[in-house]
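Q: how would this look folded up:
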Amino acid sequence: MTPEQAIVSAILVATIAAFIWDRWRHDMVALAGLLACVAAGVVPTEEAFSGFGHPAVITVGCVLVLSRGLQTSGVVDILAQRVLPQSAGVVLTLVALTSLAAVLSAFMNNVGAMALLMPVALQIASRLKVPAGKILMPLSFGSILGGMTTLIGTPPNLIVSSFRTRNGAEEGFGMFDFTPVGLGIAAIGVAFVTLIGWRLVPTRERAGVEGFVTGTYLTEARIPEKSKAAGMSLREIEAALEEADAQVVGLIHNEVRIPAPNPYREARAGDILVIEAEPEALAAVLSTLGLTLVGDILKDEEVTGDGNKDQEPVTPEYIEARKIIQSENVTLMELAVMPNSYLAERSVTDVRLRARYGINLLAISRQGRRSMSRLRTTNIMEGDVLLMQGTPEALSEFAAQFGCVPLAERGIRLPDRSLTVKATGIMLLAVSGAAFGLFPAAIMFAAGVLASMALGVVSPRVVYDAVDWPVIILLAALIPVGGAVESTGAAAVIADLLLHEIAQGYPVTTLVLILIVTMTLSDFMNNAATAAVMCPIAIGAANQLGLNADPFLMAVAVGASCAFLTPIGHQNNTLILGPGGFRFGDYWRLGLPLEILVIAISVPMILLVWPL
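A: Numbering: from 1, shown residues only. Down below sits the predicted model:
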């Protein structure tokens, strides 16, 4: 191994380890890997940022924008109304829902498809009286399977296509070159998870759309000067709250939290009660004793602006928010925090939730367990479920801006239905133009984005918000790194190790090995990053065997799209973590049999469609 090969191999191993460790966001890790390659001289400085102009990166960004048009135009809602049975049983409904998710994911971002169908899934779970997780996990896996059926279905397919041209092919894979293999895998995989696999999903208590399990809603209520609770013992307060089926689980006095206070302790004005109650009973709890939500908008006569630690400064913005929260049209809504949400690692104090939006955070559910820290200082995480209070308009605006999905009701209002025709037509024209070779995929989808903005399907003001920039940075950074792994010969060295030491020179064994290694990595790191790492190795193995690289690249494409063992392998798995009440170890029970099934189906399919 030459010094250059050793350096790029060490950087590659360190990058993979950082992805799996998951201490830093994946785009940061990818950029660090790129800069390390530049500093070591294995990537020329003039080519360091060439990935940002790569057709695969442009195509991914454009598809994300077009997916936003499909989301906001109501196309999915119309399909759901027409495709999903209204009075069928669990199996038939699950087949229809998961199949719809797979079809949508073939032509739009699969996280977007999952986000749109998740509220429908929760409503179905409530209607059929089954645990939400048994609907959500098959839905998530189905949307992942559907993504492998077309070039634009998932970023790994675009990465694989780009590496094909680097290997001397005149062009990358076409729009539907992935379909023969991907469609067969998706069809059998969807049939398995909907007919048999959903029964393997663990039953968790976090189910339905009515709210958290009893005992998981916590709210903080302040005792004002004129409150009935001022001067009462905690025992007397609990007696007064019995009719509302609520209880006091903590007390905060002078910013000191007392988790199990003495029942005979006297509550004083200014104290904060931590109350556990059902969401429907919260209004009764507050009115019974004259309590106010912590940091809530004060009445006119109470506004002093004298620096209460839990109170926002009294500004014109604050006063406008006070009018919103005191309006009669206030509702409760559960919101799931999506992957890469702007809320991640931030608290409601950081985003000034009440002052800016007139919204209250009433509770946080994290993997089905209640949070015992102060709500206003708790850092929100991806997959959390939030109970929010506010007007439907304010909640919808907040959910759209911060990347949250409404669960208990469809809070996002549908625009003019004429947009559905435009959004569908633009997507069909872009896909058709790329499929028939009218122009390259990047050009066709860029034209689709321009048409979407011109026709009002996607507002120019929010078009850049539709792009998942961490994914764009990840792809743009890893493409030059993958090129360095190939150009230095490091890929050939790694491929030689796999080929002769493990696969013993057998082509089919090598193909299976590449597929399994790719699937394993994809369970713990970003799937696009997995494809960028494995493509040079797959090409190196094919070259050493003197065989066509296409079947080996197809094995990478399939493996990178099969992250079924963990909640961190794919964003859809993270999204269902809170609403399904899942734990980290719950995914493999359905995911492992599914991955074994994928291997059994994909290997003969690849060999049939893409002979060695």
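
Q: pLDDT score for the closest residue in space to residue 152 that isn't next to it in sequence?
A: Distances taken as C-beta to C-beta, 6 or more residues apart in numbering place residue 63 nearest to residue 152, at 5.0 Å, with adjacent residues excluded. From N, CA and C alone the C-beta is placed, and that goes for glycine too. Residue 63 is assigned 84 on the pLDDT scale.

Q: How far away from the center of its chain is the helix or strand where residue 63 lies?
A: Using DSSP states H and E, residue 63 sits in helix 55-73. Helix 55-73 has its C-alpha centroid displaced from the chain centroid by 16 Å (C-alpha atoms, centre = their mean, to the nearest Å).

Q: For that helix, output the C-alpha coordinates as PDB.
A: Output of helix 55-73 as PDB, limited to C-alpha atoms (Å, rounded to 0.1, in the frame of the first residue of the first chain):
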ATOM      1  CA  PRO A  55     -25.400  16.500 -11.700                       C
ATOM      2  CA  ALA A  56     -26.300  14.100  -8.900                       C
ATOM      3  CA  VAL A  57     -26.200  16.900  -6.300                       C
ATOM      4  CA  ILE A  58     -28.300  19.300  -8.600                       C
ATOM      5  CA  THR A  59     -30.800  16.500  -9.200                       C
ATOM      6  CA  VAL A  60     -31.300  15.800  -5.500                       C
ATOM      7  CA  GLY A  61     -31.900  19.500  -4.700                       C
ATOM      8  CA  CYS A  62     -34.400  19.900  -7.500                       C
ATOM      9  CA  VAL A  63     -36.300  16.700  -6.600                       C
ATOM     10  CA  LEU A  64     -36.600  18.000  -3.000                       C
ATOM     11  CA  VAL A  65     -38.200  21.200  -4.300                       C
ATOM     12  CA  LEU A  66     -40.600  19.300  -6.600                       C
ATOM     13  CA  SER A  67     -41.500  17.100  -3.700                       C
ATOM     14  CA  ARG A  68     -42.400  20.200  -1.700                       C
ATOM     15  CA  GLY A  69     -44.800  21.100  -4.500                       C
ATOM     16  CA  LEU A  70     -46.500  17.700  -4.400                       C
ATOM     17  CA  GLN A  71     -46.800  18.000  -0.600                       C
ATOM     18  CA  THR A  72     -48.300  21.500  -0.400                       C
ATOM     19  CA  SER A  73     -50.600  21.100  -3.400                       C
END
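
Q: So residue 229, which state does it fall into?
A: coil (DSSP: H, G, I helix; E, B strand; the rest coil).

Q: Starting from residue 271, give me the distance back to it.
A: Distance, residue 229 to residue 271, by C-beta to C-beta, to the nearest Å: 8 Å.

Q: Between these two, point out the one with more neighbours.
A: Neighbours of residue 229 and residue 271, each counted by other C-beta atoms under 10 Å, are more numerous for residue 229; the result is 25 against 21.

Q: For the more buried one, give me its contacts.
A: 223, 237, 240, 267, 273, 289, 290, 291 (C-beta atoms under 8 Å, 6 or more residues apart in numbering).

Q: Please verify my assumption that the third one contacts residue 289.
A: Yes: taking C-beta atoms under 8 Å as the contact criterion, residue 240 and residue 289 are neighbours in contact, 6.0 Å apart.

Q: what do those two both touch?
A: 228, 229, 232.

Q: neighbours of residue 391, just the number please.
A: If you count neighbours by other C-beta under 10 Å, residue 391 ends up with 18.

Q: Would you list the phi and psi of it?
A: phi -70, psi 150 (degrees, to the nearest 10).

Q: Below-threshold pLDDT in the stretch 101-250 of the chain: ranges please.
A: 205-218, 243-245 (pLDDT under 70).

Q: What are the boundaries of the helices in it?
A: All helices of the stretch 101-250 of the chain, identified by DSSP state H, counting those that start in this stretch, fall at 110-128, 132-147, 155-166, 179-195, 234-241.

Q: Can you list the neighbours in contact with the last one?
A: This means helix 234-241. 228-229, 232, 247-248, 251, 261-265, 267, 273, 275, 277, 285, 288-289.

Q: Now, of the residues you listed, which are buried?
A: 229, 232, 247-248, 251, 261, 267, 273, 275, 277, 285, 288-289 (16 or more other C-beta atoms under 10 Å).

Q: now, the most widely separated pair of those?
A: 261 and 288 (19.1 Å; C-beta to C-beta).

Q: For the stretch 501-612 of the chain, which segments count as helices?
A: 507-522, 527-545, 550-560, 571-575, 588-609.

Q: Quick one: mean pLDDT over the helix or strand where residue 393 lies.
A: Element membership for residue 393 (DSSP H and E) is helix 392-402. Mean pLDDT, helix 392-402: 82.

Q: related to what we said a few turns ago, I'd like the helices of the stretch 101-250 of the chain as JSON lines, with distance to residue 565 and mean neighbour count appended.
A: As requested, those are exported to JSON lines (distance: least, C-beta to C-beta, whole Å; neighbours: other C-beta atoms under 10 Å):
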{"stretch": "helix 110-128", "distance to residue 565": "17", "mean neighbour count": "23"}
{"stretch": "helix 132-147", "distance to residue 565": "11", "mean neighbour count": "30"}
{"stretch": "helix 155-166", "distance to residue 565": "17", "mean neighbour count": "25"}
{"stretch": "helix 179-195", "distance to residue 565": "14", "mean neighbour count": "21"}
{"stretch": "helix 234-241", "distance to residue 565": "44", "mean neighbour count": "18"}
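
Q: closest to residue 570 out of those helices?
A: Using C-beta to C-beta, those put helix 132-147 closest to residue 570, at 5.7 Å.

Q: before we move on, the earlier item: possible to save the helices of the stretch 101-250 of the chain as a markdown table with distance to residue 335?
A: Converted to a markdown table, these look like this (distance: least, C-beta to C-beta, whole Å):
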| stretch | distance to residue 335 |
| --- | --- |
| helix 110-128 | 11 |
| helix 132-147 | 15 |
| helix 155-166 | 26 |
| helix 179-195 | 26 |
| helix 234-241 | 27 |
